[in-house]
Structures are given as structure tokens and as C-alpha cells.
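> next comes the sequence, and after it the predicted model I'd like to discuss.
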Amino acid sequence: MMRRYALGLLIGLLGCVFVAHGQEATERFIPIGQSPGLSGRYTSIGQIQSVDSRSRTLTVVADGRTYSVGVTERTRIWIDRSPFKLTALTGTVEDLQPGRKVEVKYEDEGERRFADWIKVQPAVP
Amino acid sequence: MEWRGVAAARLSLVLTGFLALVACRATPQPDPARQLIARGDALFFKETFGGNGRTCGSCHPRENNFALDPTFIATLPPDDPLFVAEFNADLQRNFENPRLMREFGLIQENLDGFDDLENRFVMRGVPHVLALRNSVASPGGPLTGWSGDGAPGDRSLRSFATGAVIQHFTRTLNRVPAVDFRLPTPAELDALEAFMLSLGRQEDLALPLALKGTVARRGQAIFLDGSLGKCNLCHSNAGANAAFGAGSTGNANFNTGVENLPDHPARPTPERMPPDDGLGTPGDGTFNTPPLVEAADTGPFFHNNAVETIEGAVAFYNGEAFNTSPAGRFLASRDPRGVGIRLDATQVVAVAAFLRVLNALENARESLVLLEGAAGKRFFEREAAQRLLGQAAAETAHGIRVLSGAGLHPRAVVHLEAARQDIEKARRSLFRRGQLIKRAVDAHQHARAELVEVP
């Protein structure tokens, strides 16, 4: 126990990071469903059912199931315009409109689920 | 006179039969793992993924230890895809900085996003991709790239190529898949990963080694001394993994204060070089730990190529930038004298000599593997044998350079030079290839025996 505490303290003092945050900058340009090692395994691909802007909650229908995920200040939102052969853009919660195709990478914290990143396809370019 | 004709005919028959036997020796069954690596090899050096002409090998050339430095860059022709920003109108702004690339070996990266290409970028050196099998694993998942966050997707080494294609291979700054590049397929990612993992050492060393050189042996002792060099704490066994007394904790990031070094060689230029805050957005100031066995051969050093020589890199840990950094202050907090790292000039040189010898031993190991591979090629596999011999010659030359650069082990250098010459002869030879390879192997063994006790 003491050894684990010492190791944790050591990590903090050194400023060394044992948890990888990942390179999400280039993730922006990867189309929905094509994130290597993630899409379909650790993400959900479906359609936006509703958005509650007050609680910042996104409800998605995917694989016949409906689930809700929180959108925080840390959530990256990207607009996937690759089907229109246009560059991906940084988006906002306003771009999360019902009916749009979406891929969500989420993480569970206790009983709540939060979106790490969201890719959304626009209806029109 | 007739008997001469008959004898000649019989001799021809025997010779033809012999050559047929040599050519038709039983073909070994293909090994799927080796085939995957070969596929990855071809992708790494030839596949442009529909982009601007670059391949992975553009920045990670095999002949330069899979890394870039200004000396190697100067040998490239002006139309090399590495210089695409100089002749592609769509990439002339906000893609690379040609001056910083040519003069300092620096590549542009947009780790904090692509919304403001004009202002949000960092300039980093190109790390080698040797010994990845034992250099990227950490308890929280693989750490790739200079800040440990180099890969999109699941952040694995396998996914790294996808991020690299997006950042470096694009035809325009729009970076639209299927327009500016194509993404690697899952099968291609598998092959590229297998190839990268096959490069260099497949396991860490077990120090201490029974070194013969006085200075290198002293350098090893300083390296391993937890109260003096302290190097082994973050670079266990001169690798990329940390070990603080409770066994290896895997590859890790540290804030060692490199960004605070005064007088980075590129800063006096008028070129923009924004501060690099390391892992994450915003960054936490930490950068990833590379292995040291391959260090002496792959400068310049640190994420921003701030230091040119291995002696300078070792000396960095004496300076204020390191000793006032979080890593330096931590080491000081554990030290009874309150000292982080403090080595005198001769001690710095000794540690650097140790690292040079380690690198030379690794060059020799790799050379022997390549020579063994070349020796195993059949008579009609001349092209494959020549390719392996070319790589062995380069590795041998690297070993010579690493030792000669500090005047170390001149007798070993003589043996290595003899090996290099025999390898070059073997490349040109039709019938003496096997004999010359054996001579080169023997020369390498003699060289090795000068560096370390051979059991």
C-alpha cells in the first residue's frame, strides 16, 4: 500500500503521465466509422434523436438502442463533411441536430456517460 | 580430338546438373509473420497513400537509422518529396518550414488542432522507429511520438500511421480523405505495425555489460549509480522504460525542462518556433522517453533537436534547465545532498562514451543479423542478398562513426573497417559472396571482442 502511495506521489512530482491522452487533432479528419481500432468497438454510430441544450445531453439511437451522453466543455465536436469531399470543421453543440448521422466516443464516469468526441455529418455541405 | 569433345560435353552436363540442384533446392514454406513484415516494409517505403508523394520512409529513411538530421537532408535531391512544401503551391504556407527543416531537421506538427495553422503548431525532430517493441508500452496504453500522444483512434502504434498520413502526406491543407490522401486500410495498418515492431532490438539489455574500455566502463557505472548519474531511473537498462526501485513502470513522459533551454540553435533565426507544451491540449510540459541504446547514432537530441551531440545531451542534465524542472527537482528531493544531477566534464564524457559503445554494439548486432540473412540467400537471390549487404555495410559504417566520433576503441574501428570493405566486395562478387560474408562476420566478432568480454 505504501509502495503504491509512493509511486503515485512520485508520478505527481515528476509530472510524468502514465495515462495516454491520445492524439485527437488528426482524429478530426477521420470520417465517421473509420477511426482505427475505435469505430464500432469503443464508439457508437447512429442518429441523433434529440438534444437537450439546457442539460447538454445528447440522445442517440444506435443499433436499435437509445442512450444519452453528456456533452461537456472538453467534448470535441467535429463536422464530418468527407461525403461532400470537403474538409472537416470544428463544430459546436448547435451542429448536433436531430436526424443527423453521428459517431460518439464516450467514457463512463460512475453512472454518467460523457462524450470524449463527437463527429456529426451535416445534412448539406 | 573426339575425346575432348566428349569430355567437354560431360563437363557441361555435370555443371548444368549442379546449377539445377542449387536452384531447385527445396523452397521453404512461406512464414505468414515474415510475409506480413515484408508487406509492411514495402508499404513503409513505397506507398504514398494517394497523397503528396511522401512515404513513411521520406522522414524515416532506412539508410539513416529511420531518422532525419540536417546532414542526411543535405544529400537529398531538391525534388525529394520531403521538400514538397518547396515545390507544391498548395503546401507552401503552413505545412512545413523549409529553412528549419534543412538547417535543423525540424518538421511541423499541429498537435493542438488545425483551426489556426498560422499560429498553432510546433516544430519537432523526427524520432527513429527502432526498438519500438520494448519502448512504447505503458500502464495507460502505448505512448507514441515525442509527447506520447502521437496516434489517433485507439492511440496504438498500429493507428499511428493514420495520423501520420493525415498530418504529413496531404496534397492540400484541406486534408480531405479520398481527395488529399487515402487512409490506410486495416490490413495495411497491421502490416505497417508488424514491420515497425520488427525493427532493431526486440528486447532490452541487461546491464551491466562486461565492457572492456576503461572510460565506457566508468560511464556505465555512473549511468547505473542512483546517487550520481541516476540515468537508469528513467532509462532502465539504457532503454525507454522507467524503473524507480519497484520494477519497470514501462515507458513514461517526464518534464525535464528541455523547452527552457536557452539558446536553442533555431531561435536566433527569424523563423517562428512557438513554445511546445508537450502532452495534451493544453500541454502538461511532459515529453516521452526515448531509448538510449540507439541514441549516439540518431542525433540531434530531444523533441526539438536542441542538442547536436551525445556529449551535449548528457551534459544537459547538469544544467539549470533540467535541475529546475519537475523531474530535476524530484531527483533532488530524493538526494541527501539535495542535488538533482551534477556531473563534471570527465563524467559527462564517460557516460557519453558508454552510450557510444552501447550503440556500436547494437550496430554490430544488427550487422550480423543482416549478414546472416545475406549468407542464407541462394545463388539466384542475388538482388535480395545485395540489399541486405547494403544495409549491413551502412550499419557497420554507423558503428565506425559512433566510435570514431569520440576516439574510442581504435582497434575495433580497424576491424569494423575491414568488415565494411569485405561487405562491399561481397556485394559486387558473383562467386565469393559466402566467403567474403564469413570474413566480415569474423571481423565483426573481433571488433565486438574489443568492446566487451565475450563468453
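Structure received. Numbers count the residues shown, from 1 in each chain, chains lettered A, B, ... in the order given.

> so where's chain A uncertain?
Judged against pLDDT under 70, the low-scoring parts of chain A cover residues A:1-24.

> so what's the residue count around the closest residue to chain A within the stretch 301-450 of chain B?
For the stretch 301-450 of chain B and chain A, the shortest gap (Cβ to the nearest Cβ) falls at B:P326, measuring 3.9 Å. Any C-beta I mention is one placed from the backbone N, CA and C, and that applies to glycine too. Other residues within reach of B:P326, judged by other Cβ atoms under 10 Å in any protein chain shown, total 19.

> any chance you could map the strands in the chain?
Picked chain A for this. Applying DSSP state E to chain A gives strands spanning A:43-52, A:57-62, A:65-70, A:76-79, A:89-90, A:101-109, A:112-120.

> meant chain B actually
Residue ranges of the strands in chain B, as given by DSSP E, are B:107-109, B:122-124, B:241-243, B:248-251, B:253-254, B:287-288.

> what does the third one rub up against?
The contact list for strand B:241-243, computed with Cβ atoms under 8 Å, 6 or more residues apart in numbering or on different chains, reads A:16, B:134-135, B:204, B:232-236, B:248-252, B:289.

> now with 6 Å, please.
Applying Cβ atoms under 6 Å, 6 or more residues apart in numbering or on different chains, the external contacts of strand B:241-243 come out as B:234, B:236, B:248-252.

> now swap in the longest one and tell me
Contacts to strand B:248-251, defined as Cβ under 6 Å, 6+ apart, come from residues B:135-139, B:143, B:236, B:240-242.

> pretty sure A:A62 contacts A:G40?
No - with contact taken as Cβ atoms under 6 Å, A:A62 and A:G40 are classed as non-touching, separated by 10.3 Å.

> which of those two has more neighbours?
When neighbours are counted by other Cβ under 10 Å, A:A62 comes out ahead of the other of A:A62 and A:G40, with 16 against 13.

> could you report the distance from that one to A:I32?
Distance of A:A62 to A:I32, given as Cβ to Cβ, to the nearest Å: 12 Å.

> follow-up on the earlier one: isn't the residue of the stretch 301-450 of chain B closest to chain A up against B:T256?
No - taking Cβ under 6 Å as the definition, B:P326 is not a contact partner of B:T256, at 8.2 Å.

> residue numbers of chain B in contact with chain A?
Where chain B comes near chain A, counting by Cβ under 6 Å from any Cβ of the partner chain, the residues are B:110-111, B:113, B:115, B:138-141, B:143, B:149-156, B:159, B:162-163, B:166-167, B:174-177, B:179, B:189, B:246, B:252-255, B:279-280, B:286, B:326-327, B:330.

> just the buried ones from those?
Among those, those scoring as buried are B:110-111, B:113, B:138, B:141, B:143, B:149-156, B:159, B:162-163, B:166-167, B:174-177, B:179, B:189, B:252-255, B:279-280, B:286, B:326-327, B:330 (criterion: 16 or more other Cβ atoms under 10 Å in any protein chain shown).

> ok, and the closest non-adjacent residue to B:H446?
In space, not counting the residues next to it along the chain, B:H446 is nearest to B:H415; the distance is 4.4 Å by Cβ to Cβ, 6 or more residues apart in numbering or on different chains.

> report how many residues lie close to that neighbour.
Residues contacting B:H415 under the criterion other Cβ under 10 Å number 22.

> now B:E320
Residue neighbour count, defined by other Cβ under 10 Å, stands at 12 for B:E320.

> and the one 4 residues further on, by the same measure?
The tally of other residues near B:T324 (other Cβ under 10 Å) stands at 13.

> leaving out chain neighbours, which residue sits closest to it?
B:G257 (6.4 Å).

> check contacts around B:G50.
Counting by Cβ under 6 Å, 6+ apart, B:G50 has contacts B:181-182.

> what pLDDT does it get?
Looking at B:G50, its pLDDT stands at 98.

> for the residue of chain A found nearest chain B, give me its contacts.
Nearest to chain B, among the residues of chain A, is A:G37, at 3.0 Å (Cβ to the nearest Cβ). Taking Cβ under 6 Å, 6+ apart as the definition of contact, the neighbours of A:G37 are B:153-154, B:156, B:159.

> nearest to B:D335, out of those: which one, please.
Ranking the contacts of A:G37 by separation from B:D335, with Cβ to Cβ as the measure, puts B:S156 on top at 37.3 Å.

> and the closest one, its phi and psi?
Backbone geometry at B:S156, expressed as degrees, to the nearest 10, gives phi -80, psi 170.

> filter the contacts of strand B:241-243 to the buried ones?
When neighbours are counted using 16+ other Cβ under 10 Å, those contain these buried positions: B:234, B:236, B:249-252.

> min pLDDT across those residues, which one?
Scanning the buried ones among the contacts of strand B:241-243 for pLDDT, the smallest score is found at B:T249, 90.

> and the gap between that one and A:R54?
When distance is defined by Cβ to Cβ, B:T249 is 44 Å away from A:R54.

> please apply the same query to A:Q97.
As it turns out, when the distance is counted by Cβ to Cβ, A:Q97 lies 16 Å from A:R54.

> more neighbours, the two?
For A:Q97 versus A:R54, the count of surrounding residues by other Cβ under 10 Å is larger for A:Q97: 13 against 5.

> for that one, what are phi and psi?
The phi and psi values for A:Q97, taken as degrees, to the nearest 10, are phi -110, psi 140.

> with adjacent residues omitted, what lies nearest to it?
With sequence-adjacent residues excluded and distances taken as Cβ to Cβ, 6+ apart, A:Q97 is closest to A:I48, at 6.5 Å.

> nearest residue to B:C234 other than its sequence neighbours?
Computed as Cβ to Cβ, 6+ apart, the closest residue to B:C234 that is not its neighbour in sequence is B:A242, at 5.1 Å.

> you'd agree the residue nearest to A:Q97 is up against A:K101?
No - here A:I48 does not reach A:K101: they are 8.1 Å apart, not a contact under Cβ under 6 Å.

> sketch out the low-pLDDT regions of the stretch 301-450 of chain B for me.
Residue ranges of the stretch 301-450 of chain B with pLDDT under 70: none are present.

> any low-confidence regions in the stretch 101-250 of chain B?
Counting by pLDDT under 70, the stretch 101-250 of chain B contains no low-confidence range.

> which residue does it bring closest to chain A?
When Cβ to the nearest Cβ is the measure, the stretch 101-250 of chain B has its nearest residue to chain A at B:D154, with 3.0 Å between them.

> excluding residues flanking it in the chain, which one is nearest that residue?
By the measure of Cβ to Cβ, 6+ apart, the closest residue to B:D154 outside its immediate chain neighbours is A:G37, 3.0 Å from it.

> and what of B:L36?
The shortest distance from B:L36 to any residue other than its chain neighbours is 4.5 Å, reached at B:A194 (Cβ to Cβ, 6+ apart).

> quick one: contacts for the one you found?
Contacts here follow Cβ under 6 Å, 6+ apart; on that basis B:A194 touches B:36-37, B:40.
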